[in-house]
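Colleague: Build me a model:
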Amino acid sequence: MRDPVLFAIPFFLLLLILEWLAARKLEQLEPRPAAGAYLARDAWASISMGLVSVATTAGWKFLALLGYAALYAYLAPWHLPATRWYTWVIAILGVDLLYYSYHRVAHRVRLIWATHQAHHSSQYFNFATALRQKWNNSGEILAWIPLPLLGIPPWLVFVSFSVNLIYQFWVHTERIDKLPRPVEYVFNTPSHHRVHHGMDPEYLDKNYGGILILWDRLFGTFAPELFRPHYGLTTQVDTFNIWTLQIHEYRAIARDVHAATRWRDRLGFVLGPPGWRPKADIAVSGPGAASPMGNRDHQRL
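Modeller: I've put the predicted structure just below:
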């Protein structure tokens with residue numbers, strides 16, 4: 001239970017304060033909010049969501065530990081020794097690849113998107129936004145199942161995910177420009193992650209990587225940063241209420257399912273991509289409504 005993320009929290013707060021002070025110096029110099037700008041209510045909402053997520057994540061990890069221990073003990077064909085360097089490499093790379101896979105699914109399946117969209121709901125991009133975490137980690141817990149089945153000790157699975165999460169903190173900033181090309185080619189960087197949080201059409205559904213951007217390059221979801229993104233959801237949620245930010249998409253799903261008259265439409269509203277609509281509704285609305293951008297009312301990027 002000694003989560004490395006807990007030990008990293010003081011460093012998160014220190015970097016957050018330094019970035020906030022830098023933004024204050026620049027806020028009068030740019031007509032649009034300065035790079036890394038902070039809005040107090042937005043930042044406090046993000047920090048509050050992060051604090052709650054510490055408790056909720058611990059609960060989800062406890063449940064996962066029970067399942068992972070059973071899989072590791074009774075179903076894994078072998079047990080990889082935690083004392084060997086290659087076990088750590090397999091664990092960290094395995095978590096990163098599975099994170100990419102889960103993250104990509106989370107942007108394409110509305111029910112899972114409902115758990116993830118809170119992280120994308122801020123119209124600002126700074127270190128506080130990195131703390132705007134979801135409270136429902138059930139999808140990630142399921143995504144990690146292959147690792148204990150491969151013989152990776154459950155505790156090492158959790159440590160590897162914490163390493164992944166800690167790495168992703170520093171990429172949530174506008175204060176760092178593009179890094180040297182070899183770094184930008186291999187690793188997820190602030191430039192790549194700004195694209196991921198952008199709601200601009202060019203940036204939607206791109207750059208899902210956690211530590212490595214190589215997965216995006218390999219699987220065709222990479223996009224370079226061409227201009228400063230506009231952040232948030234394509235349909236913004238104008239509230240700082242942390243409960244509403246977490247559950248509003250679940251409510252929208254429930255409304256759509258209740259209004260649907262066919263079971264396949266109900267399934268579409270739950271398992272289809274964010275903004276999915278029945279073909280009959282698209283036909284009534286006209287051809288323009290059928291475009292990918294026109295149907296993503298609840299999507300972020």
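
Colleague: average pLDDT for the host helix or strand of residue 73?
Modeller: Assessed by DSSP states H and E, residue 73 sits inside helix 40-74. The pLDDT scores in helix 40-74 average 93.

Colleague: Tell me how many other residues surround the closest residue to residue 91 other than its chain neighbours.
Modeller: Spatial nearest neighbour of residue 91, excluding adjacent residues (CB to CB, 6 or more residues apart in numbering): residue 160 at 4.3 Å. C-beta coordinates here come from the backbone N, C-alpha and C atoms, glycine included. By the criterion of other CB atoms under 10 Å, residue 160 has 25 neighbours.

Colleague: what's the pLDDT at residue 160?
Modeller: What the model reports as pLDDT for residue 160 is 94.

Colleague: next one: residue 21
Modeller: 77.

Colleague: And what about it, helix, strand or coil?
Modeller: Following DSSP: H, G, I helix; E, B strand; the rest coil, residue 21 is assigned to helix.

Colleague: what's the spacing between it and residue 14?
Modeller: Remark: distance between residue 21 and residue 14 (CB to CB, to the nearest Å) = 11 Å.

Colleague: got it, and residue 69?
Modeller: 36 Å.

Colleague: More neighbours: which of these two?
Modeller: Shown here are residue 69 and residue 14; by other CB under 10 Å, residue 69 has more neighbours (14 against 11).

Colleague: so what's that one closest to, chain neighbours aside?
Modeller: Nearest residue to residue 69 in three dimensions, chain neighbours excluded: residue 154, at 5.5 Å (CB to CB, 6+ apart).

Colleague: pLDDT score assigned to the one you found?
Modeller: So, for residue 154, pLDDT stands at 94.

Colleague: still on that earlier bit, show me the contacts for the residue nearest to residue 91.
Modeller: Contact analysis of residue 160 by CB atoms under 8 Å, 6 or more residues apart in numbering lists 88, 91, 92, 94, 95, 147.

Colleague: Run the chain-centre distance for the helix holding residue 73.
Modeller: With CA atoms, centre = their mean, to the nearest Å as the basis, helix 40-74 stands 14 Å off its chain's centre.

Colleague: Could you check how far stretch 75-88 is from the centre of its chain?
Modeller: From the chain centre to the centre of stretch 75-88 is a distance of 28 Å (CA atoms, centre = their mean).

Colleague: List the buried residues in that stretch.
Modeller: 76, 80, 87, 88 (16 or more other CB atoms under 10 Å).

Colleague: Out of these, which two sit at the greatest distance?
Modeller: The most widely separated members of the buried residues of stretch 75-88 are 76 and 88, with 17.0 Å between them, by CB to CB.

Colleague: what's the helix holding residue 73 packed up against?
Modeller: helix 4-26, helix 127-130, helix 138-143, helix 146-149, helix 154-169, helix 242-259 (3 or more CB pairs under 8 Å, 6 or more residues apart in numbering; DSSP states H and E).

Colleague: Pick the most buried one from those helices.
Modeller: helix 127-130 (a mean of 25; mean count of other CB atoms under 10 Å).

Colleague: From the rest of the structure, what touches that helix?
Modeller: With contact meaning CB under 8 Å, 6+ apart, helix 127-130 is reached by 12, 15-16, 19-20, 38, 42-43, 46-47, 119, 122, 168-173, 197.

Colleague: can you check stretch 48-66 too?
Modeller: In contact with stretch 48-66 (CB under 8 Å, 6+ apart) are residues 1, 3, 5-6, 118, 131-138, 140-141, 144, 154, 158, 242, 245-246.

Colleague: on that earlier part again, in the helix holding residue 73, which residues are buried?
Modeller: 42-43, 45-47, 49-50, 52-53, 56-57, 60-61, 64-65, 68, 71-72.

Colleague: moving C-terminal of that helix, what's the next helix or strand?
Modeller: That would be, after helix 40-74 and using DSSP H and E, helix 85-106.

Colleague: Run the chain-centre distance for that next one.
Modeller: With CA atoms, centre = their mean as the basis, helix 85-106 stands 14 Å off its chain's centre.

Colleague: Now do that helix against helix 154-169: the angle between them, please.
Modeller: Angle, helix 85-106 to helix 154-169, by axes from the mean of the first three to the mean of the last three CA atoms, to 10 degrees: 60 degrees.

Colleague: Mind listing what's buried along helix 85-106?
Modeller: Of the residues in helix 85-106, 87-88, 90-92, 94-100, 102-104, 106 count as buried by neighbour count, 16+ other CB under 10 Å.

Colleague: Where does pLDDT dip in the protein?
Modeller: Along the chain, the model assigns pLDDT under 70 to residues 1-2, 25-36, 280-301.
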